[in-house]
Every structure is written in structure tokens, then in C-alpha cells.
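> Just need the structure, nothing else, for what follows:
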Amino acid sequence: MLLNIEKPYTGKYALHHLGFRPFFLGAGLFAVLGMILWAGIYGFGWSGLNTAYPAPTWHAHEMVFGFAVAVAAGFLLTAVKNWTNQQTLHETPLLVLAGVWALARLLPFVGVPLMAVAIVDTLFLLWLTIAIARPIIRSKQWKQLALVGKIALLVPANALFYLGLLGYWSEGVQVGLYTGFYIILGLIFTMGRRVIPFFIERGVGCPFTANNDVWVDRFSLALFLLFAVADVIALATGNALAVLLSGILALVLAVLHGFRLHGWYHPNIWEKPLLWALYLAYIWLILGFLLKFLHLALGIAPVWIHAFAYGGIALMTVGMMARVALGHTGRDVSNPPAVLPIIFLLLFAGAFVRVVNAALVPEFYAMWILSSQLLWITAFALFVWQYAPMLIKPRIDGRYG
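Numbers count the residues shown, from 1 in each chain. Now for the predicted structure:
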């Protein structure tokens, strides 16, 4: 049945209208439930995973290919519609795609062979790639294909991870995990460059032009690609040259991105939670590079991973979800829910505990881990509580979308 999506929508539910709705809701719910499972497995000895699937490996994989990919799917299926003026996946196909994503999250706990988990999870990524690529190709917006390429690269990365898990190539687990991790970081840097300065310019309430140097854009992109390749090789093989190169590049990238972020700064951002959350998240990403360098150069604890993942990716994605959901449900982004600063501060505190406390006071490591897990769960539970009704119900202006 063809729908006239230009007419006012009079239904009660809208979860099937646009990609951000089911995938942001799924990401939020999985952030809560997945972290509760991880806290139970890590701290209280819960079981239930396939015996061939180590719990720390499951946690790492699901934070990248479960949570982060769901946010990316929701964001891109929504953004591509705006960029191309082409309808992206919606109605039943959208719900089925989201259902396949959810099924891949569930299967490791129901006793099916790991091969079945691998097939479902990788088919989801392949379908997502096609769903994002089709409107871009139809509209001939070839400059957007770089984003499609990043999503497409998640398919072989995920396949390599499962090949390692299934015993076909032992290094595949690390290669697949870190390749996926750096693809997600690359997506965040690409999208952050597009939208964060724009949001700041529109949100500070006075004339302001964020500084964006073309040479920083080009060098940061090229050097990040080199860093990611070098570090994946270093982590998988221990190659001394790759280790040295990744350390040097991490330091250079910290300086480059710090310079970029300085050009986006305006003191009025601290009056707007939807701005300072993204700014703080970017600072965590810069710290991730710096801590990576210090880990390789001075042997400090490998907390760089969670500076990127908890402080950077988590805070950035929840900030993006909070803003996108407001705008695309017809609400005023300049008047966000009052609970948002609490959510952002809980995540910032959790990242601080997981990174700084764990590094400086390692004798209480287990306590820091549990504290950071509880802060994460609380933050995302508040996000779901506040945003689930917006994501499920129609736009307040009566439009389809």
C-alpha cells in the first residue's frame, strides 16, 4: 500500500516512520539492558552466553556493533533522507531491519550456534548498507558515498570478528573489533565535522562563525586512516614499527583535533546542554588520542579505549540522539527536556570514573567498574524514560516522519 506521507498523519504510533525512531529507541534500551547484563556477568558471575563466546569479547563487540551501530543506523537513515530528498527505509521494511538488529543482540543468549549469530548480524549490516546507499545513488550525490563506504566496511569487519570467534583465524577477533571501533570513530569525526560547528553557530544566540581549516580537515582524515590501520596491525601482531607509528600519529591527531575544537569554541555553549555535551564528548575523543600515546610511550594503563568509547562515543551519540529526536518530532531544540543535563553529567562522571579513577587508583578497580556501569545504566534509563514517548508517538506538528 502506497502512503501519502505529505498529508497530516492521524495515527497513534509513528515508530515505523523514519530510521531514527526504532534505532534510537533500540540503542537506548540496549544500552540499559546490555550494561545490566555486563554488570551481572562481570561483577556477579552471571552466565548464559555461548561457552565459545568470552564475556569480555561479547561486551566489546556489542558496544561497537550493537549500540554504536544502532545509533549510526538511526542517524544516517534520517540524515540521508534530508540530504537526498529521497524517502529512506520506512514502514514494515524499517521495522523488520530493526528487528534483525535486535535478533542479533538476542541470539548469543539462546543457545543457537555461533554461525547463526554471525549470519544474522552480518546480514543486518549488509542490508543497512544497501538501505543507505540506494537513495544516495538514486539522487547521484556521489560525495555522500564515503559515508556508505564506512558502513560497508563494517560488514567485513564483523565477518572477520566472527571468523576469529569460530576458530578460523585467531587474530580475526581483534582485527574485526578494532576495525569496527575505528570505523565508528571515523563516522563520528566525519559527522561531527559536519554538524557540531553548525549546531554551535545556530545555538549560541549571537553572530558567530566556527573556524574550519581545510588543511585540518584533510590532514586529520588522512592521518586518522593511517593511525587506524597501524594500530589494528599493532594490536593484532605486535609489530614494533606499527606500534611506533600508531603512537606518533595518536599524538599528532590529539593536537590537530584540539586545534579544530578550539576554532569551534564560543563561551555561550555552556548555556546550552545540547552544545556543551557534544563539546565535552569531543574533548574525550582528543583525550583518547593523548592517552593512547601515553599508553604506548610511558606504559600507562590502556584506559584510552574507554576515553574514546565511554567519554567520546557514548556522550556524543546520546547528545546527537537527544537533538535529532527533538528536531524530527517537531519540537524546539532550543528548549530541550530539563533532564538532559543530568543525563550528560551522569555519562561524563561515568567516563571519568572508568578512565581517570581506574588509571590513578587501580587498587579499587572493581569498584570503579561497577560505579561506571551504574552511572551508564542510570543515564540511559533516564534517556529512554524521556525519549521513548517522543520516538513512539507521532510528530507534534502532525506531519509524517
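> which one is L290 nearest to, not counting chain neighbours?
Leaving aside its sequence neighbours, L290 sits nearest to A254 (C-beta to C-beta, 6 or more residues apart in numbering; 4.4 Å). To be clear about C-beta, it is placed using only N, CA and C from the backbone, and glycine gets the same treatment.
> helix or strand for that neighbour, which one?
helix 240-263 (DSSP states H and E).
> and that helix, what other elements does it pack with?
For helix 240-263, the contact count by 3 or more C-beta pairs under 8 Å, 6 or more residues apart in numbering; DSSP states H and E identifies helix 214-237, helix 273-298 as packing neighbours.
> Adding mean pLDDT, distance to A31 and mean neighbour count, write those helices out as CSV.
Shown next, in CSV, are these (pLDDT from 0 to 100; distance: least, C-beta to C-beta, whole Å; neighbours: other C-beta atoms under 10 Å):
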stretch, mean pLDDT, distance to A31, mean neighbour count
helix 214-237, 94, 25, 16
helix 273-298, 97, 15, 21
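> okay if I get those helices as JSON lines plus distance to A68?
Below are those laid out as JSON lines (distance: least, C-beta to C-beta, whole Å):
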{"stretch": "helix 214-237", "distance to A68": "15"}
{"stretch": "helix 273-298", "distance to A68": "13"}
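> Just tell me which of the ones you listed ends up closest to W58.
helix 214-237 (18.4 Å; C-beta to C-beta).
> longest helix anywhere in the chain?
Criterion DSSP state H: the longest helix present in the chain is helix 172-203.
> May I see the buried residues of that one?
For helix 172-203, a neighbour-count test (16 or more other C-beta atoms under 10 Å) marks 172-193, 195-197, 199-200, 203 as buried.
> do the same with stretch 42-57
Neighbour-count burial for stretch 42-57, counted by 16+ other C-beta under 10 Å, picks out Y42, L49, N50, A55, T57.
> for the last one, what are its contacts?
In this case it means T57. L165, V173, L177 (C-beta atoms under 8 Å, 6 or more residues apart in numbering).
> Could you measure from it over to I41?
11 Å (C-beta to C-beta, to the nearest Å).
> Please apply the same query to the second one.
For L49, the distance to I41 (C-beta to C-beta) stands at 7 Å.
> so what's in contact with those two at the same time?
Going by C-beta under 8 Å, 6+ apart, residues that sit against L49 and also against I41 are A55.
> Of the buried residues of stretch 42-57, which pair is most distant in space?
Y42 and N50 (17.0 Å).
> Just the ones of the buried residues of stretch 42-57 in helices?
Per DSSP H, the subset of the buried residues of stretch 42-57 in helices is Y42, A55, T57.
> these two touch, right, the second one and I41?
Yes: A55 sits in contact with I41 when judged by C-beta atoms under 8 Å, with a separation of 4.7 Å.
> hang on, the earlier thing: and the angle for the longest helix of the chain with helix 240-263?
With axes from the mean of the first three to the mean of the last three C-alpha atoms, to 10 degrees as the basis, helix 172-203 and helix 240-263 are set at 10 degrees to each other.
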